[in-house]
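Chemist: this one's sequence-less:
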């Protein structure tokens, strides 16, 4: 099965960051329990956005790791991912661009004087002249005006849109029922204007192509953060927290009247307890930490894969305790908790222990390594030769094996960074019982204990003294060869993944 995720704006990019990690942990599956093929696409006029770069880092690192593993695992990183890149609705413009350049008034006055007057009526001078290279500045009307100029039939002929829409056609033509899922906020500028507009355009394009089996869903983020401090006086038009509720009300009114022309299902998620981010107009200074709301929004895609959801249109979430979130508040909390707990524990064990041993193995003899790490003979040739294989087991110094290790290192570090951010960035007076943020980081001390990485009901039940990386290594050493279907670094990672819980 193929699913296609489109992140619109900064919050949309953060949702795709979360979705990538859910996919890496094996949480996007079809009814048969097989991993789906995930396609990702980012829509963002602010091409210098740190949030855009962070999402693409997570996507690219997972994609590289998955490709290098090349089906050499049974459980670890099995989900296929194709990234279509990022696209700006201002991509046809060179240099800085403003609304009065997108809709030049001189031309409007000549060809349609009434439209020129309407343009002046709808957009004050400061909005007309605001440079848009940092996005739509928290103003949905600006974004709607720009986004409405998109011709999807034309975009489908070239570039990223062509690649994605072609894959959607192919998936539907092969008998699948693909899902397109859009992510974005409804209280800012880019997401509030872009998600409904693109949803309606995609619906029209699908109808014109006769692709009736394709469903279009959306996770819409209601306000969940505020800004600390105020913008400098010379900032010009910018996103203001005081407008968040007004923008949200307008978006929800539109969804009530016209939402079904855009989406088959809608997921609404926000938070009354707000995170606090430093003010930024956009670009590289906008580096808002990951948030639990984005995880919940990404889980909307997982929910939408179930055909039994076809009977309803809008979904909302609530939590049992006002000032706390636990695994019981997460949709399918038992399954999701187990998968994310496995991912977190694997990443800690790998980065802070296993990877260090593989690094040390490059400097000492294999005989010395096996004295302290007998489990290594299960995956690597015990002779210590720098090349060749023995019983299918490669050298621990093989360049291809080290490339796989580096890719796993990079992705695991990205996963821990994301988990630490979303469990640290909860807002004042709001507690989470999911993970221990202070343990979600790489260290060089050969971390052994795993007992406190996960909190709450997803935490493994074995005794704390037995819940260690050393215990996993002992179990590996005791496995029979037929219990280890793959050798090398890929086989090692796959085995640790299976034993991480």
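Modeler: Everything's here; your move. Not measured: the values here are computed from a predicted model. Residues are numbered from 1 along each chain as shown.

Chemist: measure the residue in the chain sticking out farthest from the centre to residue 98 for me?
Modeler: What lies farthest from the middle of the chain is residue 110; by Cα atoms, centre = their mean that is 46.3 Å. Residue 110 sits 19 Å away from residue 98, going by Cβ to Cβ, to the nearest Å. Any C-beta I mention is one placed from the backbone N, CA and C, and that applies to glycine too.

Chemist: and the closest residue in space to residue 388 that isn't next to it in sequence, its phi and psi?
Modeler: Distances taken as Cβ to Cβ, 6 or more residues apart in numbering place residue 395 nearest to residue 388, at 6.6 Å, with adjacent residues excluded. When read as degrees, to the nearest 10, the backbone of residue 395 gives phi -70, psi 140.

Chemist: my guess is residue 395 meets residue 379, correct?
Modeler: No. Between residue 395 and residue 379 there is no contact under Cβ atoms under 8 Å: 10.9 Å.

Chemist: give me the buried positions along stretch 52-67.
Modeler: Neighbour-count burial for stretch 52-67 flags 52, 54-66 (criterion: 16 or more other Cβ atoms under 10 Å).

Chemist: now the residues you listed as CSV including secondary structure, distance to residue 213 and pLDDT?
Modeler: CSV is the format used below for these (DSSP: H, G, I helix; E, B strand; the rest coil; distance: Cβ to Cβ, whole Å; pLDDT from 0 to 100):
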residue, secondary structure, distance to residue 213, pLDDT
52, helix, 31, 93
54, helix, 34, 96
55, helix, 28, 97
56, helix, 30, 97
57, helix, 33, 97
58, helix, 30, 98
59, helix, 26, 98
60, helix, 30, 98
61, helix, 33, 98
62, helix, 28, 98
63, helix, 27, 98
64, helix, 32, 98
65, helix, 32, 98
66, helix, 27, 98
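
Chemist: nearest to residue 448, of those?
Modeler: residue 65 (24.7 Å; Cβ to Cβ).

Chemist: quick one: contacts for the closest one?
Modeler: 77, 404, 407-408, 410-411 (Cβ atoms under 8 Å, 6 or more residues apart in numbering).

Chemist: and stretch 168-177, how far out from the chain's middle?
Modeler: 24 Å (Cα atoms, centre = their mean, to the nearest Å).

Chemist: check stretch 252-262 too.
Modeler: For stretch 252-262, the distance to the chain centre is 26 Å (Cα atoms, centre = their mean).

Chemist: show me which residues of that stretch are buried.
Modeler: Those would be 252, 255, 259, 262, for stretch 252-262 by 16+ other Cβ under 10 Å.

Chemist: turn the buried residues of stretch 52-67 into CSV, including distance to residue 89.
Modeler: CSV is the format used below for the buried residues of stretch 52-67 (distance: Cβ to Cβ, whole Å):
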residue, distance to residue 89
52, 14
54, 21
55, 17
56, 18
57, 23
58, 23
59, 20
60, 23
61, 27
62, 27
63, 25
64, 28
65, 31
66, 30
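
Chemist: now find how far off-centre stretch 413-429 is within its chain.
Modeler: The chain centroid and the centroid of stretch 413-429 are separated by 14 Å under Cα atoms, centre = their mean.

Chemist: what average pLDDT does it get?
Modeler: On average, the pLDDT along stretch 413-429 is 93.

Chemist: what do you get for stretch 455-470?
Modeler: 94.
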